[in-house]
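> sequence unknown, structure follows:
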């Protein structure tokens, strides 16, 4: 596997395993290449057994993750990897007591190599791949490479406000994120909303007179906020029979560019589990500044990345 990816990124574990041969693994060991495959078992000593296809792989407990040795990372981080992909480097290949080759692996080493690469070469504003691994009320934790975690705060997920990150993501989602900050201790904070388009880019997908679907995000005395896209919401008149989280069919009454306002009429509301896929408007690998608001709009929403 070339470079550093979130564990399980777009099926990399399955693809990597196809290329595993004894000679390929020996070469990977000499080059300290980061590989990936699936954990099949965590034994009683919390060593991870990894499926390499051509031979057995073992990640000793202390090599299972950064922080296991000093206790700053709990063993649940190892147990929870069973059945899931892990990144690793090969530290040794030996013959076991039955005469079979066995590879000794280190996920911790892969994580350290990845962390050194990110903190040494990446800057704020850089766009990277990430996989959602855990959701909390305050944000989403993401794997940004080899199991290294970074926080995506809830207010950086989208312009449209959500009550919990699960309103936007589910665990296992592959997403794109921006590095918002890198602390002196190596902790990385992410952002996401800047990749989802400006007000004008989102509003250009709609026209007055259309009836479209949306998600009810807030119910206030003065009206109902309906999300049309993650970075675009409109306001409908108050209704007593709608609830946060419901989907709604809405009639677009008007789009007022200079005020960044969209007036809606709710036609119907209903429960649905459907979540439309996230549309990314920015496809580059570096974003220095982002202006959400139209140029002639008094209200300004913008982000400046320094790095």
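Good, I have the coordinates. Predicted model only: the values in this text are computed from it and were never measured.

> now the biggest helix by length in the chain: average pLDDT?
The longest helix of the chain (DSSP state H) is helix 107-121. If you average the pLDDT over helix 107-121, you get 95.

> can you tell me which helices and strands that helix packs against?
strand 85-95 (3 or more Cβ pairs under 8 Å, 6 or more residues apart in numbering; DSSP states H and E). The way it works is simple: take the backbone N, C-alpha and C, and place the C-beta from them, glycine included.

> how far does the strand it packs on sit from its chain's centre?
Remark: strand 85-95 is offset 26 Å from the chain centroid, using Cα atoms, centre = their mean, to the nearest Å.

> how many neighbouring residues does residue 23 have?
9 (other Cβ atoms under 10 Å).

> look at it and give its secondary structure.
helix (DSSP: H, G, I helix; E, B strand; the rest coil).

> now swap in residue 306 and tell me
coil.

> so what's it up against?
124-125 (Cβ atoms under 8 Å, 6 or more residues apart in numbering).

> show me the domain layout of this protein.
9-115, 200-270 (automatic domain parsing).

> quote the end-to-end distance of the first one.
By Cα to Cα, to the nearest Å, the extent of domain 9-115 from end to end equals 17 Å.

> and the helices in the stretch 51-200 of the chain?
Using DSSP state H, counting those that start in this stretch, the helices found in the stretch 51-200 of the chain span residues 76-79, 107-121, 199-203.

> how far off centre is stretch 208-225?
27 Å.

> for it, give me every contacting residue.
160-163, 167, 206, 226-228, 233-239, 242-255, 264, 266-267, 269.

> and if you look at stretch 252-261?
Contacts for stretch 252-261 (Cβ under 8 Å, 6+ apart): 199-200, 203, 206-212, 234-235, 262-265, 293-294, 296-299.

> stretch 284-295 too?
So stretch 284-295 is contacted by 125-127, 159, 178, 194-195, 198-200, 231, 257-258, 260, 299-305 (Cβ under 8 Å, 6+ apart).

> SS state for residue 290?
strand.

> for it, grab the count of nearby residues.
Residues near residue 290, counting by other Cβ under 10 Å: 19.

> just the one 3 residues further on next, same as before
By the criterion of other Cβ under 10 Å, residue 293 has 15 neighbours.

> related to what we said a few turns ago, quick one, the longest helix of the chain and strand 85-95 angle?
130 degrees (axes from the mean of the first three to the mean of the last three Cα atoms, to 10 degrees).

> buried stuff in helix 107-121?
107-111, 113-115, 117-119 (16 or more other Cβ atoms under 10 Å).

> okay, residue 86 and residue 240: tell me how far apart.
Applying Cβ to Cβ, to the nearest Å, the value for residue 86 to residue 240 is 51 Å.

> spit out the contact partners of residue 93.
Contacts of residue 93 by Cβ under 8 Å, 6+ apart are 25-26, 29, 55, 101-104.

> how about a cut-off of 10 Å?
22, 25-26, 28-29, 55, 57, 101-105 (Cβ atoms under 10 Å, 6 or more residues apart in numbering).

> which of the residues you listed tops the neighbour count?
residue 105 (28 neighbours).

> my guess is that one contacts residue 63, does it?
Yes. Using Cβ atoms under 10 Å, residue 105 makes contact with residue 63 at a distance of 7.0 Å.

> ok, back up a step: narrow the contacts of stretch 208-225 to those that are buried.
So, by 16+ other Cβ under 10 Å, the buried ones in these are 160, 162, 167, 206, 226-228, 233-236, 242, 246-248, 250, 252, 255, 264, 266, 269.

> take those and keep only those in strands.
The members of the buried ones among the contacts of stretch 208-225 that map onto strands under DSSP state E are 226-228, 233-236, 247-248, 250, 252, 255, 264, 266, 269.

> pull up the gap between residue 172 and residue 37, please.
Residue 172 is 18 Å from residue 37, by Cβ to Cβ.

> who has more neighbours, those two?
residue 37 (22 against 10).

> the more buried one and residue 90 touch, don't they?
No. Judged on Cβ under 10 Å, residue 37 makes no contact with residue 90 at a distance of 11.1 Å.

> what do the two both touch?
52, 57, 105.

> where does the protein dip in pLDDT?
Scanning the chain with the threshold set as pLDDT under 70 gives 1-3, 10-19, 307.

> mind redoing it with 50?
1-2 (pLDDT under 50).

> and the gap between residue 26 and residue 35?
12 Å.

> quick revisit: between residue 105 and residue 63, which contacts overlap?
48, 88-89, 91.
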